[in-house]
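[1] Take this sequence and fold it.
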Amino acid sequence: MNYPVIAEHILTTVQGTWWSRRRRREDVPPLPPGAAYVFRVGGNYRTFPEGMVFDPSHPDVLDASSVSLVDTRARLVEVERTLPSMSEADNFTVRAAFTCQVTDPTVVARQGVIDVTVPLRAYLMGDADLPRVSAGHRVEEVNAVRIEVSHRMTAYSAIVPPRVTGMSVEFVSAEVHASDDLRDWEQKLRDERRSWELQRGQRDFQTEDARRIAELLSQGSDHVDALGIARQEIDVTQAAARIHRITEEESARRHKAETSDRAHAQARETAEAQMRRDMVLTLLRQMGGSEYGIDYHQVLDQVLRETGGQATPGIGTAGDNARMVEPGKAGPDRAAAGRGGARDAQGGFVADEDDLVE
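    Alright, predicted model coming up:
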């Protein structure tokens, strides 16, 4: 760091010429803003008057053997020192800040203070008790070390203020930093934590979005179409055409289902009616040749009740005690069959009315 002395230059001897007695120095470097010339004339150091226009023919300039450019502005200077921790593997770094400003450029040039951090670092190293503040702490306890170091440096600078010849120096603050390994570790943990929080937030957003979409879908396609039209994501004409097409398809499907149900019901009724007619005819054939008088009306009602049917159209009903057909004369075969109570194996007719009722 080139502060407060910015640069030092050796000057050559200025010789006069036979055609001019006036001498001028041409090898003086340009002066930066906020700096001052300090010329060495013989064994003395002389500052060129501040605020005065530089004159290359000034006696001090012509007789100088060297010149120093001294920065006279106030600067904030930082110096560092390493402090031990409880572990030999880790250290703390204390960074102290000082405000510095040149008060006497001549003295600064004579002392050759090219880098002010050198005397300030020596000042910081002069506090022998400062390492004891951090030696009892782990590197993870950097916040506690910061507080103790700040208090220690405030007291130390008040009792032993920093001094640099030709300058005013004041202690400003002290910062404590952990090792690079710990900082990298903490940064990695921080990044992982942020990444996890980001993923959790994304999952929460996705869950909320899915719930909202499910609610929209549960309200029906019309509500979804209306929302899409409001967001200009669905064209109104296309939505209307799709709704009309779906309505027509649903109507055709419903008409087809109703037609199929009617046809099935009609076929079932036709089959049941045919079954009842066949049953009645079969009974009439079986009972027509019986030698006993049978109440056909009572038998038919019993059959229809058990089958869940109705009376067959075309068959008349009589009174409770009237008989539709009187018993006729039975032939020998029918009489034998009636006495035996057997069933004809060929025709499958019932020969005994008791078997029929039971």
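[2] just how off-centre is stretch 153-161 within its chain?
    On the basis of Cα atoms, centre = their mean, to the nearest Å, stretch 153-161 sits 51 Å off its chain's mean C-alpha point.
[3] repeat for stretch 251-263
    Put simply, stretch 251-263 sits 51 Å off its chain's centre (Cα atoms, centre = their mean).
[4] Out of the helices and strands in the protein, which is least certain?
    helix 332-340 (a mean of 43; mean pLDDT, DSSP states H and E).
[5] before we move on, what SS does residue 93 have?
    When classified by DSSP: H, G, I helix; E, B strand; the rest coil, residue 93 comes out as strand.
[6] what's the neighbour count on it?
    For residue 93, the number of neighbouring residues by other Cβ atoms under 10 Å comes to 14. C-betas here are computed from N, CA, C, even on glycine.
[7] Kindly report the same for the one 5 residues further on.
    For residue 98, the neighbour count with other Cβ under 10 Å is 23.
[8] Can you tell me the element it falls in?
    strand 91-102 (DSSP states H and E).
[9] Just checking: what are the partner strands of that strand?
    strand 75-84 (antiparallel), strand 167-177 (antiparallel) (DSSP bridges).
[10] With only the CA atoms kept, save the shortest one in PDB.
    Only the C-alpha atoms of strand 75-84 are listed here, as PDB (Å, rounded to 0.1, in the frame of the first residue of the first chain):
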ATOM      1  CA  ARG A  75      -7.800   7.500   4.700                       C
ATOM      2  CA  LEU A  76      -9.300   4.400   6.300                       C
ATOM      3  CA  VAL A  77      -6.600   1.800   6.800                       C
ATOM      4  CA  GLU A  78      -7.200  -1.800   7.800                       C
ATOM      5  CA  VAL A  79      -4.700  -4.300   9.300                       C
ATOM      6  CA  GLU A  80      -5.100  -7.900  10.300                       C
ATOM      7  CA  ARG A  81      -3.800 -10.200  13.000                       C
ATOM      8  CA  THR A  82      -4.300 -14.000  13.500                       C
ATOM      9  CA  LEU A  83      -5.600 -15.100  16.900                       C
ATOM     10  CA  PRO A  84      -5.600 -18.700  18.200                       C
END
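[11] average model confidence for that strand?
    Across strand 75-84, the average pLDDT comes to 95.
[12] Same question for stretch 219-231.
    For stretch 219-231, mean pLDDT rounds to 74.
[13] Numbering from 213 from now on, please.
    Fine by me, first position is 213 from now on; the one you just mentioned is stretch 431-443.
[14] Residues in contact with that stretch: which ones?
    428, 429, 446, 447, 448, 451, 455 (Cβ atoms under 8 Å, 6 or more residues apart in numbering).
[15] The same query, at a cut-off of 7 Å, please.
    With Cβ atoms under 7 Å, 6 or more residues apart in numbering as the test, stretch 431-443 has contacts from 428, 429, 446, 448, 451.
[16] The first one belongs to a helix?
    Yes: judged by three-state DSSP, residue 428 forms part of a helix.
[17] can you tell me how far it sits from residue 436?
    5 Å (Cβ to Cβ, to the nearest Å).
[18] What of the second one?
    When distance is defined by Cβ to Cβ, residue 429 is 6 Å away from residue 436.
[19] And the helices in the stretch 213-362 of the chain, which stretches?
    271-275, 317-323, 329-337, 342-347, 354-371 (DSSP state H, counting those that start in this stretch).
[20] quick one: average pLDDT of the first one?
    Mean per-residue pLDDT for helix 271-275: 88.
[21] ok, and for it, which residues are buried?
    With burial defined by 16 or more other Cβ atoms under 10 Å, the residues of helix 271-275 counted as buried are 272, 273, 274, 275.
[22] which helices and strands sit right next to it?
    For helix 271-275, the elements it packs on are strand 247-253, judged by 3 or more Cβ pairs under 7 Å, 6 or more residues apart in numbering; DSSP states H and E.
[23] Report the inter-axis angle for the strand it packs on versus strand 303-314.
    Taking axes from the mean of the first three to the mean of the last three Cα atoms, to 10 degrees, one finds that strand 247-253 is oriented at 70 degrees with respect to strand 303-314.
[24] List the neighbouring strands of strand 247-253 plus their orientation.
    Using DSSP bridges, the strands paired with strand 247-253 in its sheet are strand 256-259 (antiparallel), strand 278-283 (antiparallel).
[25] Let me have those in a markdown table, extended by mean pLDDT and distance to residue 301.
    Putting the strands paired with strand 247-253 into a markdown table (pLDDT from 0 to 100; distance: least, Cβ to Cβ, whole Å) gives the following:
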| stretch | mean pLDDT | distance to residue 301 |
| --- | --- | --- |
| strand 256-259 | 93 | 50 |
| strand 278-283 | 94 | 41 |
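[26] follow-up on the earlier one: tell me which of the strands paired with strand 303-314 sits nearest to residue 338.
    Residue 338 sits nearest to strand 287-296 of all those, at 10.3 Å, using Cβ to Cβ.
[27] So what angle separates the directions of that closest one and helix 354-371?
    Counting by the same axes, to 10 degrees, strand 287-296 points 120 degrees away from the direction of helix 354-371.
[28] so how far is strand 287-296 off the chain centroid?
    Centroid displacement of strand 287-296 relative to its chain, using Cα atoms, centre = their mean, is 42 Å.
[29] Kind regards, and thank you for your time.
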